[in-house]
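No sequence on hand, only this structure:
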């Protein structure tokens, strides 16, 4: 069976983001230009693709999924802008171009990240769904991005940077929050938008939890094995900053084995959904095999 073609969905999300973002010519122009710099023209769009893939499992049309897909990409863009700041990961390169605080300035980068985050919730609040669906989506995204999710995981990552020893369970918890929570929310948002029954959530969650961990392990391996030109961001920074990573804790070989085990978990989780889950399965393979 041929791999699904994600080109049309990638085109949809790029168009949806372009429409959602303020024009760079509108005041305050510097802020708006920074928001567009951070969001458009780059990125794998994995989170948006997960929204479309999960929604179509349950019969949703792509047009009905544009709002939650745009929302998760805006949250992701905001997180990258703030992660790259000197006070955080201090990076100069993102998606093959200067990071926002380099291309503009630190203050503008902070404000751009804040504005991207709030725009994500505005889009969901205005999405063409009933009130109950909108509230459910807003709650899902709020939890994934706050202290119980992405922000909390980032705080744990900062605490562990510099050589602090973590157990495997602690490292997995850190990344389940920092990376996995938004990926899981992307899958859940697609299902919520499609009106999926609550009974379907455990199947999707098992897939999403394995995918989130696989994404981070692959990210850690690429930082060790790849180069900045391929990655579009600075390679080798994890070791330079003594970050807690899977290769540092387990070694490269064991990390690869763990990655393959997670690939098998994703396949097993999706098996009950059959061919309807072909796009989710393909995204799982893309995460495991990606080169940047």
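Yes, it's here. Small disclaimer: the values here were computed from a predicted structure and weren't measured.

Tell me how far residue 226 lies from residue 232.
10 Å (Cβ to Cβ, to the nearest Å). To be clear about C-beta, it is placed using only N, CA and C from the backbone, and glycine gets the same treatment.

Check residue 181 too.
Separation of residue 181 from residue 232 (Cβ to Cβ): 23 Å.

Between residue 226 and residue 232, which contacts overlap?
Common neighbours of residue 226 and residue 232, using Cβ atoms under 8 Å, 6 or more residues apart in numbering, are residue 292.

just to revisit the earlier point, residue 181 and residue 232 - which one has more neighbours?
The residue with more neighbours, out of residue 181 and residue 232, is residue 181; 26 against 16, by other Cβ atoms under 10 Å.

Once you drop chain neighbours, what's closest to the more buried one?
Counting by Cβ to Cβ, 6 or more residues apart in numbering, residue 181 lies nearest to residue 149, which is 3.4 Å off, once chain neighbours are set aside.

Which helix in this protein has the most residues?
helix 201-225 (DSSP state H).

what helix or strand is residue 185 on?
Using DSSP states H and E, residue 185 sits in helix 181-193.

How far does that helix sit from its chain's centre?
Here helix 181-193 shows a centroid-to-chain-centroid distance of 11 Å under the convention Cα atoms, centre = their mean, to the nearest Å.

Which strands or helices does that helix pack on?
Under the contact definition 3 or more Cβ pairs under 8 Å, 6 or more residues apart in numbering; DSSP states H and E, helix 181-193 sits against helix 46-57, helix 62-83, helix 131-145, helix 150-160, helix 201-225.

between that helix and helix 62-83, how big is the angle?
Between helix 181-193 and helix 62-83, the angle comes out at 160 degrees (axes from the mean of the first three to the mean of the last three Cα atoms, to 10 degrees).

can you give me the mean pLDDT across helix 181-193?
Across helix 181-193, pLDDT averages out at 98.

For residue 55, which non-adjacent residue is closest in space?
residue 190 (3.7 Å).

er, residue 82 I mean
Of all residues not flanking residue 82 in the chain, residue 113 sits nearest, at 4.5 Å (Cβ to Cβ, 6+ apart).

ok, for residue 226, nearest residue in space, not its chain neighbours?
residue 235 is the one closest to residue 226 (Cβ to Cβ, 6+ apart), at 5.6 Å.

Then residue 25?
residue 32 (7.9 Å).

Tell me the buried residues in the helix or strand of the chain with the lowest mean pLDDT?
Using mean pLDDT, DSSP states H and E, the weakest-scoring helix or strand in the chain turns out to be helix 237-240, at a mean of 74. Going by neighbour count (16 or more other Cβ atoms under 10 Å), the buried part of helix 237-240 is residue 238.

list the helices and strands it packs on?
Using 3+ Cβ pairs under 8 Å, 6+ apart: helix 237-240 touches helix 201-225.

Tell me the buried residues in the helix it packs on?
In helix 201-225, counting by 16+ other Cβ under 10 Å, buried: 203-204, 207-224.

Repeat that for stretch 58-70.
58, 60, 62, 64, 65, 66, 67, 68, 69, 70.

Over to stretch 84-104?
Quick answer for stretch 84-104 (16+ other Cβ under 10 Å): 84-85, 89, 91, 93-95, 99-104.

ditto for stretch 40-49
43, 44, 45, 46, 47, 48, 49.

how near is the closest residue to residue 80 other than its chain neighbours to residue 228?
Distances taken as Cβ to Cβ, 6+ apart put residue 94 closest to residue 80, at 5.9 Å, once the chain neighbours are dropped. Separation of residue 94 from residue 228 (Cβ to Cβ): 11 Å.

now swap in residue 189 and tell me
Taken as Cβ to Cβ, the span from residue 189 to residue 228 is 32 Å.

The two: which has the busier surroundings?
Using other Cβ under 10 Å, the more surrounded residue of residue 189 and residue 228 is residue 189, with 28 against 13.

Assumed residue 25 was part of a helix.
No - the assignment for residue 25, made by DSSP: H, G, I helix; E, B strand; the rest coil, is coil rather than a helix.

quick one: low-confidence ranges for this structure?
Applying pLDDT under 70 to the chain flags the ranges 1, 163-164.

Try it again at 50.
Scanning the chain for pLDDT under 50 picks out nothing.

Contacts only, for residue 124.
67, 68, 71, 134, 137, 138, 141.

That one in helix, strand or coil?
helix.

Let the chain start at 143 from now.
In the new count, where the first residue is 143, that last one comes out as residue 266.

separation between it and residue 311?
With Cβ to Cβ as the criterion, residue 266 and residue 311 are 33 Å apart.
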